[in-house]
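S.K.: predicted model and sequence follow; I will ask about them next.
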Amino acid sequence: MDTCDVAVDNTPNGRNHTGIPLCGIMFCTMIFLSLIIALVGLVGNAIVLWLLGFHMRRNGFSVYILNLAGADFLFLCFQIVHCIHIILDIFYSKTVDTPLFSFVVSNFSYLCGLSMLSAISIERSLSVMCPIWYRCRRPRHTSAVTCTLIWFLSLLLSLLEGKGCGLLFDGLGPDWCQTFDFITAAWLIVLFVVLLGSSLALMVTIFCGSHRIPVTRLYVITILTVVFFLIFGLPMGIYWFLYEWIWVYYEKNCNFYQVTVLLSCVNSCANPIIYFFVGSIRHHRFQWNTLKLFLQRALQDAPEEEEERLQNPPLRLRKTTETRHSAGESLH
């Protein structure tokens, strides 16, 4: 049976004037959009991984960005495979089942991405509210240790939920499945509260604090990624949390899950675009070799005026240097 025809109709007669179920049209449209957006996001995150992993020196913040790009890359890989399976079912009219364990990979990468974003927001908040401690007493390997713990904890929760709910070999039963679902949902709530609280503290301190804090590109990136996640990434987390109560409604609703998938693909695709866009501000020329420069500028924790002063020395200094250089040439 055609996958598009499986979707439940939400119109009185279930079909439009062409005789095709409206939910089926919406489902197919979202699948194709998800595939296109996921492919674009995969390329963007691959570029970030390539530059940060092999061509740039990493600092505490860029370690989080590297791991966040890895989580987004993994999530988009699963979505591409899932969309291709469904498209094959649509065009060749034969069911190609997505392996159940791949949903564990999706949950794992989503948890990692949200955890990394929460850690980034906490770090930026601490750098603003406790600047002396952050610059002088912050442990050197905090970012690497935090990212390792995030990957481990996210993998553990995903494996436990997958095993309990039958996504990995045989399930442990509905009671275990519900227990692990509640544990994962509770962790999602904790991450969301931490993300929202630290982001609000960061914005209040920057814009409403008693001391003027220069807004660097790092703060802009942090705020933009959090805003994009709240708009596009959070719906999947809400669906995940409410699944135990809305699964009956979901079966009667038109492509509720696929909407959250599409929005999450947009979120994962937007992150590398944000990095390069923020890094390209006031840079009017574009060449392929400037992508590294854009990313370097985006991850610099310095005000824009200071960056310009370092990159473009004052006119008097340049004239003095040129005069000395000319004098040296005349002596020769």
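M.R.: In hand now; what should we look at? Numbers count the residues shown, from 1 in each chain.

S.K.: which residues touch stretch 55-62?
M.R.: With Cβ atoms under 8 Å, 6 or more residues apart in numbering as the contact definition, stretch 55-62 has outside contacts at 52, 66, 120, 123, 138, 142-143, 218, 292, 295-296, 299, 301. From N, CA and C alone the C-beta is placed, and that goes for glycine too.

S.K.: what's the closest of those residues to W176?
M.R.: Nearest to W176 out of the contacts of stretch 55-62 is I120 (Cβ to Cβ; 33.2 Å).

S.K.: which residue is the nearest non-sequential neighbour of that closest one?
M.R.: Excluding its sequence neighbours, the residue lying closest to I120 (Cβ to Cβ, 6 or more residues apart in numbering) is Y64, at 4.8 Å.

S.K.: just how off-centre is the host helix or strand of the one you found within its chain?
M.R.: Using DSSP states H and E, Y64 maps to helix 60-92. Taking Cα atoms, centre = their mean, to the nearest Å, the mean C-alpha location of helix 60-92 is offset from the chain mean by 11 Å.

S.K.: same check, this time on stretch 22-40
M.R.: That offset, for stretch 22-40, works out to 20 Å (Cα atoms, centre = their mean).

S.K.: flag every buried residue along it.
M.R.: Buried positions in stretch 22-40, judged by neighbour count with 16 or more other Cβ atoms under 10 Å: 22-24, 26-28, 30-31, 34-35, 37-40.

S.K.: among those, which ones are in helices?
M.R.: Those of those mapping onto helices are 22-24, 26-28, 30-31, 34-35, 37-40, per DSSP state H.

S.K.: can you redo those as a markdown table with pLDDT?
M.R.: A markdown table is the format used below for these (pLDDT from 0 to 100):
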| residue | pLDDT |
| --- | --- |
| L22 | 74 |
| C23 | 77 |
| G24 | 76 |
| M26 | 84 |
| F27 | 84 |
| C28 | 86 |
| M30 | 90 |
| I31 | 91 |
| S34 | 94 |
| L35 | 95 |
| I37 | 96 |
| A38 | 96 |
| L39 | 96 |
| V40 | 96 |
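
S.K.: of those residues, just say which sits nearest to N267.
M.R.: I37 (9.8 Å).

S.K.: not counting its neighbours along the chain, what's nearest that closest one?
M.R.: Nearest to I37 is C265, by Cβ to Cβ, 6+ apart, at 4.5 Å.

S.K.: quickly find the element holding the residue nearest the centre of the chain.
M.R.: Taking Cα atoms, centre = their mean, the centroid of the chain lies closest to S268, which sits 4.2 Å from it. Using DSSP H and E, S268 sits in helix 256-279.

S.K.: tell me the average confidence for the next helix or strand after that helix?
M.R.: Remark: after helix 256-279, the chain's next helix or strand is helix 290-298, criterion DSSP H and E. For helix 290-298, mean pLDDT is 80.

S.K.: can you check stretch 229-238 too?
M.R.: Mean predicted lDDT for stretch 229-238 stands at 90.

S.K.: likewise for stretch 201-221?
M.R.: In the prediction, stretch 201-221 has an average pLDDT of 80.

S.K.: so M56, which state does it fall into?
M.R.: coil (DSSP: H, G, I helix; E, B strand; the rest coil).

S.K.: just give the number of residues close to it.
M.R.: 15 (other Cβ atoms under 10 Å).

S.K.: picking up where we left off before, adding neighbour count, write the contacts of stretch 55-62 out as JSON lines.
M.R.: Formatted as JSON lines, the contacts of stretch 55-62 follow (neighbours: other Cβ atoms under 10 Å):
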{"residue": "L52", "neighbour count": "23"}
{"residue": "L66", "neighbour count": "19"}
{"residue": "I120", "neighbour count": "25"}
{"residue": "E123", "neighbour count": "22"}
{"residue": "R138", "neighbour count": "15"}
{"residue": "T142", "neighbour count": "15"}
{"residue": "S143", "neighbour count": "23"}
{"residue": "L218", "neighbour count": "22"}
{"residue": "K292", "neighbour count": "16"}
{"residue": "L295", "neighbour count": "24"}
{"residue": "Q296", "neighbour count": "17"}
{"residue": "L299", "neighbour count": "21"}
{"residue": "D301", "neighbour count": "14"}
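
S.K.: tabulate those (TSV), appending distance to Y275.
M.R.: Shown next, in TSV, are those (distance: Cβ to Cβ, whole Å):
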residue	distance to Y275
L52	10
L66	11
I120	12
E123	16
R138	23
T142	21
S143	17
L218	11
K292	11
L295	6
Q296	10
L299	8
D301	14
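
S.K.: where does this protein have low pLDDT?
M.R.: 1-20, 93-101, 169-174, 209-212, 243-254, 282-289, 301-332 (pLDDT under 70).

S.K.: the same query, at a cut-off of 90, please.
M.R.: 1-29, 53-62, 81-107, 124-141, 158-186, 201-220, 235-259, 276-332 (pLDDT under 90).

S.K.: what comes up buried for the lengthiest helix in it?
M.R.: Counting residues, the longest helix found in the chain (DSSP H) is helix 174-208. Residues 176-177, 180-181, 184-185, 187-188, 191-192, 194-195, 198-199, 201-203, 205-206 are the ones in helix 174-208 that count as buried (16+ other Cβ under 10 Å).
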